[in-house]
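Trainee: Generate coordinates for the sequence data below:
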Amino acid sequence: MDPLDAIKSTFFQECDEQLAELESGLLKIEDGEHDPEIVNAVFRAVHSIKGGAAAFGFEDLVEFVHVFETTLDLLRSNALTSTPAVTKTLLRASDVLTDLVRAVRENSSVGNSAVEAIREELSALCRTSPNWKDSEEDIVVPDFTPVQISLDAIFDEGPVEAAPVFVIRFTPKCSLYAKANEALRLIRELGELGEMTVECNMDDVPLLTELDPEGAYLSWTLHLRTNEPAGRIFEVFEFVKEDCDLDISAADVEELLSELRTSLGPGPEEPHSEALPADRPSTDHVPARANGKESPGDQATPSEEQRKGDPPAGAPQPTIRVDLEKIDRLVNLVGELVINQAVLSQRVSEAGLSRASSLMIGLDELEQLTRNIQDSVMAIRAQPVKPVFQRMSRTVREIATLTGKSVRLVMDGEGTEVDKTVIERLTDPLTHMIRNAVDHGLESPEARVAAGKPEEGLLRLCAKHRSGRIVIEVSDDGAGINRKRVREVAVSKGLVPKDAAMTDDEIDNLIFLPGFSTTATASSISGRGVGMDVVKKAIQALGGRISISSTPGRGSTFSMSLPLTLAVLDGMVVSVAKQTFVVPLTAIIETLQPRTESVHSLGGKARVIATRNAFIPLLDIGAILGYRTEEIDPITQVALLVESGSGAKLALLVDAIQGQRQVVIKSLEANYGHVRGIAAATILGDGRVALIVDVDAIMNALRSDSSNADAAPLAAE
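Mentor: Modelled structure (predicted):
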């Protein structure tokens with residue numbers, strides 16, 4: 001692999017992080033947060049992208065980012081007010097910047113009209129600032145021309161200009177170049193701040209035979225005369241501050257001119273010395289800002305020992321980048337370790353050794369160690385859902401614009417962590433749901449006002465952990481599901497019989513049927529009969545389920561329940577009709593032995609069990625999955641009281657419980673095919689394959705088949 005390609009890959013990874021930081025900050029500003037550090041963080045994100053893009057020569061990207069950066073600079077200096085209109089423009093600029101970065105990465109193009117339109121909007125915002133010069137018709141990336149302090153200023157006998165001079169000593173480290181940064185770009189950016197002289201120190205350059213091509217041997221001393229605050233100088237080095245030695249001090253102009261006179265020789269006449277103005281910066285070193293909050297001069301310069309010491313409390317923890325393929329390989333190896341540990345446990349158990357024997361004790365310790373390793377590896381793969389949620393912000397903006405609706409997106413639980421595989425496969429179904437909620441769920445502004453609602457619709461995206469799973473909800477405050485209309489469409493399309501008796505929940509779930517759509521005309525947003533059925537299939541493929549809760553006039557909530565990981569789970573191993581199954585432990589409330597007085601018949605084969613002051617449906621899992629047809633006596637069985645993600649309860653009858661075990665999940669769809677009522681498979685300690693029961697799928701299937709007495713068993717083919 002070309003080393004430059006590897007560096008570019010790192011740059012684009014960092015761009016993704018910076019773009020996420022950019023959008024997160026802009027959304028906070030849109031919500032009314034006025035912390036200056038938020039604006040600083042947004043500015044730094046754009047500034048970092050600009051620096052990396054310039055290093056690779058991505059000129060189109062640099063030019064756009066420069067306009068964006070200039071606008072943000074006016075915002076953070078309070079020369080531009082963050083009104084709703086300004087924030088919306090900045091968010092659109094963020095979207096365009098994301099497209100430009102993607103285009104550069106994929107070597108494609110973005111429509112020039114979209115780029116130019118938002119560029120002009122940014123320029124127009126800049127022109128509204130009182131700090132903007134009327135003569136500047138547009139923002140361009142200035143070419144660098146080193147501006148020397150003129151000889152007239154050196155030998156002029158008159159007073160020196162009041163602009164302060166800063167002495168900047170800049171020594172790059174090898175890591176600066178390894179990260180695709182370039183010292184010359186930084187120096188050029190400094191040159192934009194004022195008049196500057198540049199001196200390059202080459203004393204450390206070795207002989208050619210001793211030169212390391214990846215080394216860093218040059219250093220620079222720069223004298224910059226500028227009216228910009230010292231903090232502006234530090235921002236030039238913001239994204240390379242860890243990769244260079246930097247010292248910035250305020251210099252006395254007279255001392256600087258004296259040095260220049262000495263180096264240039266005697267002039268026509270020595271100028272008269274002038275007293276420095278009272279507000280002239282002193283010659284003390286100006287410290288760098290801590291996290292962008294302290295202005296120069298707020299604290300003493302740290303000593304050399306302090307600079308070399310441990311990072312202060314609250315500093316970011318060091319991180320490394322690891323290819324996902326390597327982590328996946330590690331996860332697979334840990335899975336094999338879990339299987340082999342189970343095999344070993346099985347064989348030792350069959351040998352009839354005492355639990356108190358040293359071998360069994362050591363085996364228990366191995367089991368605990370295996371679990372700890374597995375937990376640690378899965379924690380590495382766990383990532384917050386924030387990146388996926390942030391993508392939805394753009395989707396909402398785009399669909400709201402297309403539909404002419406005003407929508408506010410509120411996100412909760414962005415820090416909720418889930419396996420990276422789940423996150424990657426969650427984007428498409430979540431996008432479908434967001435588009436559907438804005439297009440179908442929320443009314444038009446006029447309809448909302450007529451209904452006594454605010455003109456702006458509310459869309460809420462929420463993530464939380466519940467019972468060992470992650471639950472993601474998409475809710476709106478729209479009109480709710482029009483059940484009459486949904487039923488009429490389903491009947492007209494032949495999806496359900498005209499005289500079918502259906503509950504509200506069953507009608508709501510009709511929208512998940514393939515080919516269902518209430519939109520008469522297809523559009524670029526929805527209405528082609530695909531969407532919600534795709535969502536359901538995608539969620540089921542992840543081992544999850546989706547449910548609907550809707551109230552007419554008040555809105556709808558779509559709830560997705562997903563496993564935290566697709567690799568392992570804790571389960572109860574049970575025997576049913578001479579077969580072995582695994583029931584997820586997170587779905588089991590309790591196990592119980594049915595008694596004659598607690599089991600009641602409802603007519604036919606339907607039975608319930610009385611427990612915890614409630615009557616729970618009692619079903620034979622062997623009959624449900626098609627492994628036996630004869631009716632069994634529940635008194636001879638063991639009942640597992642299980643609960644679905646929606647809170648529905650069911651008692652499943654099994655022949656016996658073998659024990660609790662952590663199992664490695666193997667996809668059935670990838671290796672065989674989809675089986676109703678079965679989520680996946682696993683390999684037991686004795687080498688047999690056991691099927692993992694999908695409790696929610698069983699409940700949903702039984703609910704939909706309840707009106708059909710001749711419904712076939714779930715697993716029957």
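Trainee: How many residues are close by Ala648?
Mentor: For Ala648, the number of neighbouring residues by other C-beta atoms under 10 Å comes to 17. To be clear about C-beta, it is placed using only N, CA and C from the backbone, and glycine gets the same treatment.
Trainee: Confirm that Thr629 sits in a strand.
Mentor: No: Thr629 is assigned coil when assessed by DSSP: H, G, I helix; E, B strand; the rest coil, not a strand.
Trainee: Could you look up the next helix or strand downstream of the helix or strand hosting Ile470?
Mentor: Using DSSP states H and E, Ile470 maps to strand 469-476. Proceeding N to C from strand 469-476, the next assigned helix or strand is helix 483-492, under DSSP H and E.
Trainee: Could you list the buried residues of the helix or strand just after that following helix?
Mentor: Using DSSP H and E, the next helix or strand after helix 483-492 towards the C-terminus is helix 504-508. Under the neighbour-count criterion of 16 or more other C-beta atoms under 10 Å, helix 504-508 has 506-508 buried.
Trainee: How about stretch 483-498?
Mentor: Applying 16+ other C-beta under 10 Å to stretch 483-498 flags 483, 486-487, 489-490, 496 as buried.
Trainee: How is Val410 assigned, secondary-structure-wise?
Mentor: strand.
Trainee: And Ile546, by the same measure?
Mentor: strand.
Trainee: again with Ile49
Mentor: What three-state DSSP gives for Ile49 is helix.
Trainee: Would you confirm that it contacts Cys15?
Mentor: Yes: applying C-beta atoms under 8 Å, one finds Ile49 in contact with Cys15, separated by 5.7 Å.
Trainee: Mind checking which of those two has more residues around it?
Mentor: When Ile49 and Cys15 are compared for neighbours, Ile49 comes out ahead with 27 against 24, by other C-beta under 10 Å.
Trainee: Would you mind confirming that Gly480 makes contact with Pro552?
Mentor: Yes: using C-beta under 8 Å, Gly480 is in contact with Pro552, at 4.3 Å.
Trainee: So for those two, which sits in the more crowded spot?
Mentor: Gly480 (18 against 13).
Trainee: Check the spacing between that one and Met502 real quick.
Mentor: 17 Å (C-beta to C-beta, to the nearest Å).
Trainee: Would you state the strands of the stretch 251-400 of the chain in chain order?
Mentor: 382-384 (DSSP state E, counting those that start in this stretch).
Trainee: Helices along that one, start to end?
Mentor: Remark: helices assigned in the stretch 251-400 of the chain by DSSP state H, counting those that start in this stretch are 253-264, 304-308, 324-350, 358-381, 386-403.
Trainee: Nearest approach to Glu106 belongs to which of those?
Mentor: helix 386-403 (17.0 Å; C-beta to C-beta).
Trainee: same for that closest one, what does it pack against?
Mentor: If contacts are counted by 3 or more C-beta pairs under 8 Å, 6 or more residues apart in numbering; DSSP states H and E, helix 386-403 sits against helix 3-30, helix 84-106, strand 407-412, helix 427-436, strand 457-466.
Trainee: The same query, at a cut-off of 7 Å, please.
Mentor: helix 3-30, strand 407-412, helix 427-436, strand 457-466 (3 or more C-beta pairs under 7 Å, 6 or more residues apart in numbering; DSSP states H and E).
Trainee: avg pLDDT for the helix or strand where Ile187 lies?
Mentor: In this structure, Ile187 sits in helix 183-191 according to DSSP H and E. Average pLDDT, helix 183-191: 87.
Trainee: Can you give me the buried ones in stretch 549-559?
Mentor: 549-550, 555-559.
Trainee: what's the answer for stretch 402-416, then?
Mentor: Buried-residue list, stretch 402-416, by 16+ other C-beta under 10 Å: 403, 405, 407, 409, 411, 413-414, 416.
Trainee: and those residues as CSV, adding pLDDT and distance to Thr586?
Mentor: Below are the buried residues of stretch 402-416 laid out as CSV (pLDDT from 0 to 100; distance: C-beta to C-beta, whole Å):
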residue, pLDDT, distance to Thr586
Thr403, 87, 39
Lys405, 90, 38
Val407, 91, 35
Leu409, 90, 30
Met411, 90, 25
Gly413, 89, 19
Glu414, 86, 23
Thr416, 87, 16
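Trainee: what's the closest of these to Asp5?
Mentor: Using C-beta to C-beta, Glu414 is the member of the buried residues of stretch 402-416 that lies nearest Asp5, at 32.3 Å.
Trainee: wait, the closest one sits on Lys386?
Mentor: Yes: the pair Glu414 and Lys386 passes the contact test of C-beta atoms under 7 Å, sitting 4.0 Å apart.
Trainee: Model confidence for Thr591, exactly?
Mentor: Note on Thr591: pLDDT of 88.
Trainee: Does it touch Val638 like I think?
Mentor: Yes: using C-beta under 7 Å, Thr591 is in contact with Val638, at 6.2 Å.
Trainee: any common contacting residues for the two?
Mentor: Shared contacts of Thr591 and Val638 (C-beta atoms under 7 Å, 6 or more residues apart in numbering): Ile657.
Trainee: And what about Leu691, helix, strand or coil?
Mentor: Here Leu691 is strand, with the state taken from three-state DSSP.
Trainee: tally of neighbours for it?
Mentor: Neighbour count of Leu691, defined by other C-beta under 10 Å: 20.
Trainee: The closest residue to it other than its chain neighbours and Ala54: what is the separation?
Mentor: Once flanking residues are discounted, Leu691 sits nearest to Ile678: 4.9 Å by C-beta to C-beta, 6 or more residues apart in numbering. As for Ile678, its distance to Ala54 is 55 Å (criterion: C-beta to C-beta).
Trainee: Have a look at those two and say which one is more surrounded.
Mentor: With neighbours defined as other C-beta under 10 Å, Ile678 and Ala54 compare such that Ala54 has more, 23 against 19.
Trainee: That one contacts Leu186, doesn't it?
Mentor: No: counting by C-beta under 7 Å, Ala54 sits too far from Leu186 to count as a contact (9.6 Å).
Trainee: Counting by contacts, list what the next helix or strand after the helix holding Ile187 packs against.
Mentor: Per DSSP H and E, helix 183-191 leads on to strand 195-201 as the next helix or strand towards the C-terminus. Applying 3+ C-beta pairs under 7 Å, 6+ apart, we find strand 195-201 packed against strand 219-225.
Trainee: Spell out, range by range, the helices that occur in the stretch 101-250 of the chain.
Mentor: 112-127, 151-155, 174-178, 183-191, 230-236.
Trainee: can you list contacts of the longest one?
Mentor: Contact with helix 112-127 is made by 64, 67-68, 70-71, 74, 80, 86, 89, 92-93, 96, 132, 138-139, as judged by C-beta under 7 Å, 6+ apart.
Trainee: among those, which two are most distant?
Mentor: Val96 and Trp132 (21.6 Å).
Trainee: Stretch 459-472: end-to-end distance?
Mentor: 13 Å (C-alpha to C-alpha, to the nearest Å).
Trainee: Quick one: mean pLDDT over that stretch.
Mentor: pLDDT averaged over stretch 459-472 gives 85.
Trainee: Thought Ser575 was touching Ala656, still the case?
Mentor: Yes: judged on C-beta under 7 Å, Ala656 makes contact with Ser575 at a distance of 4.5 Å.
Trainee: who's more crowded, the two?
Mentor: Ser575 (15 against 10).
Trainee: how would you label the more buried one: helix, strand or coil?
Mentor: What three-state DSSP gives for Ser575 is strand.
Trainee: That one and Gly659 touch, don't they?
Mentor: No: judged on C-beta under 7 Å, Ser575 makes no contact with Gly659 at a distance of 10.8 Å.
Trainee: what's the pLDDT at the spatially most central residue of the chain?
Mentor: What sits nearest the mean C-alpha location of the chain, by C-alpha atoms, centre = their mean, is Pro387, with 1.5 Å. Looking at Pro387, its pLDDT stands at 83.
Trainee: Against Ile635, how distant is it?
Mentor: 53 Å.
Trainee: Kindly report the same for Thr10.
Mentor: From Thr10 to Ile635 the distance is 66 Å (C-beta to C-beta).
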